[in-house]
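> I'd like to go over a predicted model; first the sequence, then the structure.
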Amino acid sequence: MLVNALNRGGRAVKPLLSLDADTLIAAAKRKTRLEDLGDPGFREPLDRLVGSLDREAHLSLFGRIAARKDLGRLLASRLRMVDDRRLHPQIADEEVRRPLIITGFPRTGTTILHAILAQDPRHRVPLTWETMYPSPPPRRVNYHRDRRIGISAGQLSLMNRLSPDFKRIHPIGAQLPQECLVLSSIGFESYQFQTMYNVPSYQKWLDEQDLRRSYEGHKFFLQNLQWRCPGDRWVLKAPAHVFGFDALFATYPDAGVVMTHRAPGEVIGSLCSLTAVLRGAFSEQVDRLAVGREMTERFAEGMRLALEARDSGRVPADRFLDVDYRELVRDPLAAVRKIYTHFGIDWCPEAAERMTEFLARNPKDKHGKHSYALEQFGLDREQEEERYRSYAERFDL
């Protein structure tokens with residue numbers, strides 16, 4: 001494989017490809033011919049992320065090149081979106097009303113539910129291409145013909161070549177719905193980076209932060225996307241929302257949250273496999289046992305935080321709906337109608353027809369079965385069942 005050859009032959013030059021925030025910022029400013037990066041609060045997260053990537057992520061040569069390119073793209077997007085608001089101050093007045101947000105453990109049906117809900121023509125979902133290149137703000141008139149679609153597709157094809165098994169775990173495509181996790185990445189306070197890279201010191205710092213600034217960046221991004229291309233409501237999805245319900249509702253007080261649930265023993269192994277495959281694309285070494293410990297401890301804490309926020313009364317109980325993965329798989333449209341009823345969304349025959357057609361085109365395991373085992377990551381099923389016993393009992397899993 002070309003990437004493997006590049007990594008083997010490039011170890012001598014890897015030190016020359018430094019990850020330095022000042023260098024990345026200067027390059028983004030030269031590329032865009034812009035200077036204003038907006039709120040300077042992004043700088044500490046960027047410095048911490050870059051330092052963690054440089055020291056801890058064991059990046060391969062390809063991984064180092066990819067990280068530099070990705071961070072440079074995010075900085076360029078930030079520069080351009082700040083400039084969009086200079087040119088069009090009204091973007092800042094955009095209201096994000098009644099977003100519907102899907103979350104829960106990873107691998108619990110959040111992706112397929114997001115894709116089904118995206119079939120409703122009244123709904124607005126962030127597509128991959130516009131999250132990669134959000135500026136200039138997309139226009140409805142050429143939304144499905146924008147030249148950035150092809151640019152994004154070309155870059156995503158590299159991921160398919162680099163990790164051909166990844167599509168069995170998670171679909172990717174320029175015109176597919178994207179996790180809204182990436183929207184907070186332009187502020188560099190995002191759980192996206194921990195999924196792709198082993199960045200423990202950055203992640204420890206992020207876990208200690210007030211996430212309201214991260215969610216303000218999330219809203220900043222949505223305002224840009226909806227200014228010239230709105231919908232009735234945003235339908236968003238990211239498992240990492242479980243870490244920040246307080247900040248989420250501080251930013252979107254009228255949000256509706258759908259939490260999907262599945263037996264943790266079925267989830268954790270799949271999550272570990274996804275993480276190992278992603279990190280393996282960019283790192284010289286991936287410690288599967290360390291991945292196992294990190295993922296199960298991280299999401300056990302995430303679910304504790306989520307349920308504590310719900311039970312405390314700090315977030316509105318009536319703005320949540322719990323959906324069992326088994327019900328979603330057994331009858332997806334029934335699960336969707338339950339969501340519509342709970343949140344007062346009118347049922348639309350056109351949407352139902354589109355959803356039915358989508359499900360026929362996209363059967364489970366369309367790209368092959370995803371195989372994994374807890375034991376591959378040093379995890380014991382009985383211990384994991386005990387770790388999540390109260391959660392499983394609460395939701396009858």
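Nice, thanks for sending it over. Numbers count the residues shown, from 1 in each chain.
> For the rest of this, base every contact and every neighbour count on C-alpha atoms.
Noted.
> Flag the shaky bits of this protein, pLDDT-wise.
Along the chain, the parts satisfying pLDDT under 70 run over 1-16, 159-170, 365-372.
> Within the helices and strands, which one has V329?
helix 325-330 (DSSP states H and E).
> so how far is that helix off the chain centroid?
Relative to the centre of its chain, helix 325-330 is centred 22 Å away, using Cα atoms, centre = their mean, to the nearest Å.
> can you list contacts of that helix?
T108, G109, L113, T260, H261, R262, A334, A335 (Cα atoms under 8 Å, 6 or more residues apart in numbering).
> in the chain, which helix has the most residues?
In the chain, taking DSSP state H as the definition, the longest helix is helix 61-87.
> Please name every helix or strand in contact with that one.
In terms of contacts (3 or more Cα pairs under 8 Å, 6 or more residues apart in numbering; DSSP states H and E), helix 61-87 is packed against helix 2-9, helix 21-32.
> after that helix, next one along is what?
Past helix 61-87, the next helix or strand by DSSP H and E is strand 100-104.
> got the buried residues for the helix holding V329?
Y325, R326, L328 (16 or more other Cα atoms under 10 Å).
> Skipping adjacent residues, who's closest to S190 in space?
S184 (5.6 Å; Cα to Cα, 6 or more residues apart in numbering).
> Tell me, how many residues neighbour the one you found?
When neighbours are counted by other Cα atoms under 10 Å, S184 registers 22.
> Also S390?
Using other Cα under 10 Å: S390 sits among 11 other residues.
> Do I have it right that P239 meets F105?
Yes: under the criterion of Cα atoms under 8 Å, P239 makes contact with F105 at 5.7 Å.
> the strands in the stretch 151-300 of the chain, which residues?
233-237, 256-261 (DSSP state E, counting those that start in this stretch).
> So which elements touch the first one?
For strand 233-237, the packing partners by 3+ Cα pairs under 8 Å, 6+ apart come out as strand 100-104, helix 110-117, strand 123-124.
> ok, now with 6 Å
strand 100-104, strand 123-124 (3 or more Cα pairs under 6 Å, 6 or more residues apart in numbering; DSSP states H and E).
> Can you give the contact residues for that strand?
Residues from elsewhere that reach strand 233-237 (Cα atoms under 6 Å, 6 or more residues apart in numbering): P99, L100, I101, I102, T103, H123, R124, V125, E179, C180.
> deepest of the helices and strands packed on strand 233-237, which one?
Among these, the stretch with the highest mean neighbour count (mean count of other Cα atoms under 10 Å) is strand 100-104, at a mean of 24.
> Pull up the pairing partners for that one, direction included.
Within its sheet, strand 100-104 is paired with strand 233-237 (parallel), strand 256-261 (parallel), according to DSSP bridges.
> Any idea how many residues pack against the nearest residue to G302 once chain neighbours are set aside?
Once flanking residues are discounted, G302 sits nearest to F243: 5.1 Å by Cα to Cα, 6+ apart. Residues contacting F243 under the criterion other Cα under 10 Å number 21.
> go on, G154?
G154 has 13 nearby residues by other Cα under 10 Å.
> ditto for V125
What V125 shows, counting by other Cα under 10 Å, is a neighbour count of 26.
> how near is it to I151?
When distance is defined by Cα to Cα, to the nearest Å, V125 is 20 Å away from I151.
> what's the answer for Q192, then?
On the measure of Cα to Cα, Q192 and I151 end up 22 Å apart.
> of these two, who's got more company?
Q192 (18 against 14).
> Could you pull up the residues touching the more buried one?
By Cα under 6 Å, 6+ apart, Q192 has no neighbours at all.
> The same query, at a cut-off of 7 Å, please.
L181, V182 (Cα atoms under 7 Å, 6 or more residues apart in numbering).
> what's the closest residue to R148 other than its chain neighbours sitting at in phi/psi?
Take R148 and drop its neighbours on the chain: the residue closest to it by Cα to Cα, 6+ apart is W129, 6.4 Å away. Main-chain torsions, W129, degrees, to the nearest 10: phi -60, psi -40.
> correct me, but W129 touches L176?
No: with contact defined as Cα atoms under 7 Å, W129 and L176 do not form a contacting pair (8.4 Å).
> higher neighbour count, the two?
Neighbour count, other Cα under 10 Å: between W129 and L176, W129 has more, with 23 against 15.
> Let me see the contact set for that one.
R148, I149, S152, A174, Q175.
> same thing with T108?
For T108, counting by Cα under 7 Å, 6+ apart, the contacting residues are T260, H261, R262, V267, Y325.
> Farthest-apart pair in those residues, please.
Distance extremes for the contacts of T108: the farthest pair is T260 and V267 at 11.6 Å, using Cα to Cα.
> out of those two, which sits in the busier spot?
T260 (23 against 17).
> is that one in a bridge, and if so with what?
The partner residues for T260, given DSSP bridges, come to G104, V323.
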